[in-house]
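Novice: Following is a predicted model, sequence given first.
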Number of protein chains: 2
Amino acid sequence: MAKRQEDDAPRLSRSGPVTAAMVAAKAGLSRATVTHVLNGRAAEMQIRPETQQRVLQAARELGYRANALARSVRTGKSGMIGYIVDDVHYEPYWHTLVGAMAEAEQEGFTMKVLTATAETFAERIKQCMELRLEGLLLRVVLDKRPLYDEANRAGIAVVTVDDWVVQPYGIRVSADDSKGCCEALEHLIELGHRKIAFISSGFESQPTEGILDREGLFLREMESRGLEVPEGYIARERMYVYGRGKQEVHDASSGLAAAEALLNHPAGRPTAIFCWRDEAALVAMQACQRRGIRVPEEISIVGFSDLSAAWLSSPPLTTCASPWEEMGQTAMRELMRSLKEGFNPTPQEILLPSSLIVRESTGRVPA
Amino acid sequence: MAKRQEDDAPRLSRSGPVTAAMVAAKAGLSRATVTHVLNGRAAEMQIRPETQQRVLQAARELGYRANALARSVRTGKSGMIGYIVDDVHYEPYWHTLVGAMAEAEQEGFTMKVLTATAETFAERIKQCMELRLEGLLLRVVLDKRPLYDEANRAGIAVVTVDDWVVQPYGIRVSADDSKGCCEALEHLIELGHRKIAFISSGFESQPTEGILDREGLFLREMESRGLEVPEGYIARERMYVYGRGKQEVHDASSGLAAAEALLNHPAGRPTAIFCWRDEAALVAMQACQRRGIRVPEEISIVGFSDLSAAWLSSPPLTTCASPWEEMGQTAMRELMRSLKEGFNPTPQEILLPSSLIVRESTGRVPA
DNA sequence: CTGAAAGCGCTTACAG
DNA sequence: CTGAAAGCGCTTACAG
C-alpha cells in the first residue's frame, strides 16, 4: 500500500521566516519605509522610485512574505471568515460552500472551514472567537443560540444559511421552495396528471414557524388547484444519505417502502409521484423499475434538489433545483455588506427561489 | 425574493475584545499569572487554587477569549493547515476534504480552505505563506512547482492528494486502482462475460510516469486473462461534469456517443461495459435504456468512483469505490507526522486501494 | 507562587 | 521623503 522511496533527499533548510526588518537591513532602509512601499503607500508617502526599487528588490531576493498574523494583531482585522458546517458529505452543502468561498476570495478574505457536531460545537465557537474571525457563516442544524450570543457580545457578523428554521438573529438565507413546487405541479397537470402522490420526509422536523415545508406546499398547491389528495397518498421516507463510511449509509429500504406503499395503493396507484428530495425520487424510480413499471410512460416522477445524481439517472430526473450555490454567494455577500456597513442583528429572511428542471422522468399521463 | 423585516433591533455594542490585561486587572493579578492558569500551566507554576479561581472567574465574567493570532505571532505556530483545491464542486473532492478536515480538527488544527485556478494560484500561494500556515494539502491539477519551491524555502510541509501524476516533492497520496480493476474484471468473468468493452477518458492526460491509468489497467487485466479487446472496444468520453451553473455542465452527449459506438459495434455489441468513471457508466445506462436494452439482463455495466449517484441509479450501479475519504485522512495524518518528525521532501507515494462494490447493474452474461 | 520586562512581526502616527 | 518609537495582545524566561 505504502511504497516508500529511498530517503536520500536533503532535508529542508530551516532558516526561519524572513522579516520586514531583514528586508530593511538588506535595503539599507528603515522598517517603516519597507512596510510603506510593500503596502502600496509609496505614492502617499512620496517615497522616491529608486527607494521603492531597493525595497522591492530586497524583498524579492529574500523571498519576503509579510506575516499576516502579526499584521492582524496590529490592525485588529484578521481578514478571515469562518464557515461552520455540520455534514460536509452532503452535496448541496458543498455547492453552498463553493458559492460562499468564491465570493469571499474575490473580496480578499480567506476562509476557515470548521465542522461541528453537537459535541464539538462549543469548541468550534471558541476557536472562531480566538481566531478573531471577522464574520461567520453557519450551516448547521444545531442550536445556534450559544454562538449567536457570543458573536453578539464580540460584535461579529453572522449569516445563517438554509436551516429550514427561522433564526432569532441576523440574516438567514434559504430557499423559497414555493416556486419550484408550483412549477412542478403545473408541469404535471399540464401533462394530464390528476392522481399525484407525494413522498415526504419521515424525519421529525423542527418547528418551522410559518415557513411551509415541501409537503405543506404540495398540499397547498393541490388544494388551490382543486385536486384531491386521497388518504395514503402521502408516504414518508427517512433514508440516511448524508455520510459515508457509516453503516446506515446507502440503505434505500425506507424509500423503497414508501414508494411501494404508493404503488400498491388500494385506490389505485398514482400516475405521478412528487418527492421532497431527489434521493426519494431516485429510489422511487428503482421501485418502479423492479416492478416493471416504466418511467415516464406509465408513471411520472419528480424530485427536489437537483443533485448530480438527477441528470445521471435513467431516465434523467425532472426535479426542482434549489439554488445552493447562489445561497452561499448571497449569504457571503450579505456578510461582506455587514462588515462594511455594520451588522444588524434583527432577524431577516432572504429566500432564493427554486425552479423546475424538466428532464425525462415525466411524461403524459397514461391513457 | 429578499424579504426584509423592520429594522428596529439594537445595533451591536462594540466595546472591543477583552484582553488578558483586562482579566488580570479585574482579578487583581499580573498578566503572566493569567496566561499561566489559562494555558494550563497552573500546576507547573505552582499557582495556588484560590488564585486560579480568581483568574478563571474574571475570564468567565468578562467573556475572555485569548487572541490566537497574537499567540501565533509570539509562538511562531499558527495551528492552521491549508487545503488548496481547484474544483470543489466535484463530489470526490469533498469527501477527501472531509477526511482531511476531521483528522486535522482532531489534532487541534484549524483548516483554511482555498480554491485556486491557474489565474489565482500565485495569489493563493502568497496567502498561504503570509498566513504562516504550518502545512499544506494540495488537491489541484495545476503545475505545483512554484508552490513546492516556496514551501521548501519556508520550510512548510506539503502533502499532495490524488493528482494522477507523480509529483517531484514530498508525499503524494493517491488511489491504487489496480485492485478495483482486477476485482471488476474477475467479477464480470465469473458472470460469464468475455466480450468486455471499456469507456475511457477522452481528456488529454498528463504524463503519468509509470502510474497505469484505468484504461491501461483494463488492458493489462484483460491480456493477463487471455481475453481479447477487439478494435473499437475502447470508446472515449469527455463530459464536463464538475462545475455547476456553467453552460457545459450536464451535457451527456459525449458519453452517450461513446456508449452508442459500443452498442453499435460491427463485431457485435459487448456483453459488459466497464467505465473509467461512474458518470460514463451512468450515461451508458441511459443509452441502453433508450434503446430498450435491459441492464443487467442484456448487458452489464461497471463504473468507477462510487459517487452517490451510483447507489441511487436504476438499477444501482456496480462500481469500483475509490477511498476518497481515507485519502484525505491519510494525507492529513502524514502531514501531522511531518509536523512532528520533520518534513521529508523526497517524493513518496502512498496508494490506497479501490475495491469493487457489487450492486445490480451486473448480471450473468445473456445466453 | 507572582510580577516586571522583553520580544514576536507588524503598522501607524509623529518628527524631522 | 525617511526614521525612531510606541503599541497590538500575547508568551516566556527571569527575578524575587
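Specialist: Structure's in. What do you need? Keep in mind that this is a model prediction, so the values were computed, not measured.
Novice: rest of the way, CA atoms for contacts and neighbours
Specialist: OK.
Novice: Wasn't A:Met111 part of a strand?
Specialist: Yes. According to DSSP: H, G, I helix; E, B strand; the rest coil, the state of A:Met111 is that of a strand.
Novice: so what's it up against?
Specialist: A:Met80, A:Ile81, A:Gly82, A:Tyr83, A:Met101, A:Ala104, A:Glu105, B:Lys112, B:Val113, B:Leu114 (CA atoms under 8 Å, 6 or more residues apart in numbering or on different chains).
Novice: Point out the ones among those residues that are inside helices.
Specialist: A:Met101, A:Ala104, A:Glu105 (DSSP state H).
Novice: hmm, back to that, export the contacts of A:Met111 to JSON lines and tack on pLDDT and distance to DNA strand C?
Specialist: Rendered in JSON lines, the data for those read as follows (pLDDT from 0 to 100; distance: CA to the nearest atom of the strand, whole Å):
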{"residue": "A:Met80", "pLDDT": "97", "distance to DNA strand C": "15"}
{"residue": "A:Ile81", "pLDDT": "97", "distance to DNA strand C": "19"}
{"residue": "A:Gly82", "pLDDT": "97", "distance to DNA strand C": "22"}
{"residue": "A:Tyr83", "pLDDT": "97", "distance to DNA strand C": "25"}
{"residue": "A:Met101", "pLDDT": "95", "distance to DNA strand C": "24"}
{"residue": "A:Ala104", "pLDDT": "96", "distance to DNA strand C": "20"}
{"residue": "A:Glu105", "pLDDT": "95", "distance to DNA strand C": "19"}
{"residue": "B:Lys112", "pLDDT": "96", "distance to DNA strand C": "20"}
{"residue": "B:Val113", "pLDDT": "96", "distance to DNA strand C": "22"}
{"residue": "B:Leu114", "pLDDT": "96", "distance to DNA strand C": "21"}
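Novice: mind giving me the domain split of chain A?
Specialist: What automatic domain parsing lists as the domains of chain A is A:20-66, A:78-175+A:324-353, A:177-322.
Novice: Make TSV from those domains and add distance to B:Asp163 to it.
Specialist: Formatted as TSV, the domains of chain A follow (distance: least, CA to CA, whole Å):
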stretch	distance to B:Asp163
domain A:20-66	28
domain A:78-175+A:324-353	21
domain A:177-322	22
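Novice: so where is the stretch 201-350 of chain A shaky, pLDDT-wise?
Specialist: A:206-212, A:242-249 (pLDDT under 70).
Novice: A:Asp306 is in contact with A:Ser322, isn't it?
Specialist: Yes. With contact defined as CA atoms under 8 Å, A:Asp306 counts as touching A:Ser322 (6.9 Å).
Novice: How many neighbouring residues does the residue of the stretch 101-250 of chain A found nearest DNA strand D have?
Specialist: Distances between the stretch 101-250 of chain A and DNA strand D by CA to the nearest atom of the strand are smallest at A:Glu130, namely 7.9 Å. Counted with other CA atoms under 10 Å in any protein chain shown, the neighbours of A:Glu130 add up to 17.
Novice: Just the CA atoms from stretch A:155-174 would do, formatted as CSV, please.
Specialist: What follows is stretch A:155-174, C-alpha atoms only, in CSV (Å, rounded to 0.1, in the frame of the first residue of the first chain):
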residue,chain,number,x,y,z
GLY,A,155,-19.5,42.2,17.6
ILE,A,156,-19.0,39.5,15.0
ALA,A,157,-21.3,39.5,11.9
VAL,A,158,-23.2,36.2,11.4
VAL,A,159,-25.3,34.9,8.5
THR,A,160,-27.1,31.7,8.7
VAL,A,161,-27.7,29.5,5.6
ASP,A,162,-30.7,27.3,4.9
ASP,A,163,-31.7,25.8,8.2
TRP,A,164,-35.4,25.3,7.3
VAL,A,165,-36.0,27.1,10.5
VAL,A,166,-36.4,30.8,11.2
GLN,A,167,-33.5,32.1,13.3
PRO,A,168,-33.6,34.6,16.1
TYR,A,169,-30.5,36.5,14.9
GLY,A,170,-29.4,38.3,11.8
ILE,A,171,-29.8,37.3,8.2
ARG,A,172,-30.9,33.9,7.2
VAL,A,173,-30.5,32.9,3.6
SER,A,174,-32.6,30.0,2.5
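Novice: What about contact with chain B: does it have any residue there?
Specialist: Yes. With CA under 8 Å from any CA of the partner chain as the measure, stretch A:155-174 is seen reaching chain B through A:Gly155.
Novice: Next: stretch A:357-367.
Specialist: No. On the criterion CA under 8 Å from any CA, stretch A:357-367 is out of touch with chain B, staying 10.7 Å away.
Novice: Point out the residues in the stretch 251-367 of chain A that sit beside chain B.
Specialist: A:279, A:282-283, A:285-286, A:289, A:308-316, A:343-353.
Novice: hmm, which of the residues you listed are the buried ones?
Specialist: By neighbour count, with 16 or more other CA atoms under 10 Å in any protein chain shown, those hold A:279, A:282-283, A:285-286, A:308-316, A:343-353 as buried.
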